[in-house]
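1. need a 3D model of the sequence below.
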Amino acid sequence: MKTSMPAYCFAMSICTLLALEGCSTGHPTPSTKPTTSTRVDSTAPEVRTSTWAPEISAGTWHYLIRDSSVVSINNDTTARVEPIESMTIYTMSVADSGNSLLFSGHVDSLLVNSRLSSKSAGDTSNSTELRTLISRQGRLMRISQIAAPSCARGGSSPSLRVSELLTVLPNHPIRVGDKWSDTSSTTTCHGKIPLTQTAVRDYELLDLSSCERNGARVRRVVSETLSGSSPETTSHLSASGSGTASATLCLERNTGVLLASDGESRLDLTVTTIRGVFPFTQKTSTHIESH
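-> Presented below is the predicted three-dimensional model:
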């Protein structure tokens, strides 16, 4: 299932920079206030007879997420390129809740392989459970966190992968070639910096037969802007930038639940610390599969 990111790795980017700077690199919990809108474009020229109208249903899914990133960091005195490989195991559940659904997500484990300090590897011991009400088309309605820490504390945020796992589905039947979109605004802790991310995601139904397990194949394209600063007067941390991402998704035909995806993303971010201004670029390849 899914919501924003040039695929994930905003948190890993901040971790990379803060590790190089010797700063704390926890992943505390976000505060999220998403809004969504849907548009359908039925101008595809081909003749299409089969329609697609999935609705999310109750269930539990386990995902293996593999990220391969290269981070380039530059300022007046340093220029470094850091490869990062990570593997995340994520569990998400959906339960009936009146006219809506209760979504919950949890990071079960996070392993990072890089040349950076072990601080950047991620610690799930303080990871909280994300809970949110969603519609049967995956639109976020209300989010809460269990034992939510502040951005000054450590912990892995389980919301960081939701934008890739929870797909916002069209709100009426569509055919191959039809398009729809959604927009969200989310504030998430990345290291000590609460970043506000505004994302626009565009989707297109590519076909209804080529995916594994007879899934529907969907293209997702994301564009984002990010900005934020640490509220701590002694840290002098701030960041701003933009990101893009594209991915091909295989979704279960009836429920729209993610079966697998492959994607690429790019993040251009400028982080300002007490030591100077650090522009960096992160390019990431992400593979996700359900188990």
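2. residue 176: neighbour count?
-> By the measure other Cβ atoms under 10 Å, the count of residues near residue 176 is 20. (C-beta placed from N, C-alpha, C; glycine too.)
3. same thing with the one 10 residues further on?
-> Neighbour count for residue 186, taken as other Cβ under 10 Å: 25.
4. quickly list what it is bridged to.
-> residue 32, residue 197 (DSSP bridges).
5. my understanding was that it contacts residue 224; is that so?
-> No. Counting by Cβ atoms under 8 Å, residue 186 stays clear of residue 224, with 9.6 Å between them.
6. what are the ranges of the strands in the stretch 101-250 of the chain?
-> Assigned strands in the stretch 101-250 of the chain, in chain order: 130-134, 140-145, 174-175, 179-190, 193-207, 216-229, 238-251 (criterion: DSSP state E, counting those that start in this stretch).
7. who's the closest spatial neighbour of residue 255, skipping the chain neighbours?
-> In space, residue 255 comes closest to residue 57 once its chain neighbours are excluded; the distance is 5.0 Å by Cβ to Cβ, 6 or more residues apart in numbering.
8. and residue 259, which of the strands of the stretch 101-250 of the chain is closest to it?
-> Closest approach to residue 259 among the strands of the stretch 101-250 of the chain (Cβ to Cβ): strand 238-251, 4.4 Å.
9. the closest one: which residues count as buried?
-> 238, 239, 240, 241, 243, 245, 246, 247, 249, 250, 251 (16 or more other Cβ atoms under 10 Å).
10. now for the residues you listed, which pair is the farthest apart?
-> With distances taken as Cβ to Cβ, the most widely separated pair in the buried residues of strand 238-251 is 238 and 250, at 38.6 Å.
11. re the thing from before, count of neighbours near the residue nearest to residue 255?
-> Counted with other Cβ under 10 Å, the neighbours of residue 57 add up to 14.
12. paired strands for the longest strand along the chain, with orientation please.
-> Determined from DSSP state E, the single longest strand within the chain is strand 79-97. Note on strand 79-97: by DSSP bridges, its sheet partners are strand 59-74 (antiparallel), strand 100-114 (antiparallel).
13. rewinding a little: for the residue nearest to residue 255, what are its contacts?
-> For residue 57, the contacting residues are 94, 136, 254, 255, by Cβ atoms under 8 Å, 6 or more residues apart in numbering.
14. in a helix, the last one, correct?
-> Spelled out, that is residue 255. No. Applying DSSP: H, G, I helix; E, B strand; the rest coil, one finds residue 255 to be coil, outside a helix.
15. that one and residue 58 touch, don't they?
-> No. Using Cβ under 8 Å, residue 255 and residue 58 do not qualify as a contacting pair, with a distance of 9.5 Å.
16. the more surrounded of these two?
-> residue 255 (18 against 12).
17. which of the contacts of residue 57 scores worst on pLDDT?
-> Within the set of those, pLDDT is lowest for residue 136 (90).
18. so that one sits right up against residue 56, yeah?
-> Yes. At 5.3 Å, residue 136 counts as touching residue 56 under the criterion of Cβ under 8 Å.
19. shared neighbours, the two?
-> residue 101.
20. more crowded one of these two?
-> residue 56 (23 against 18).
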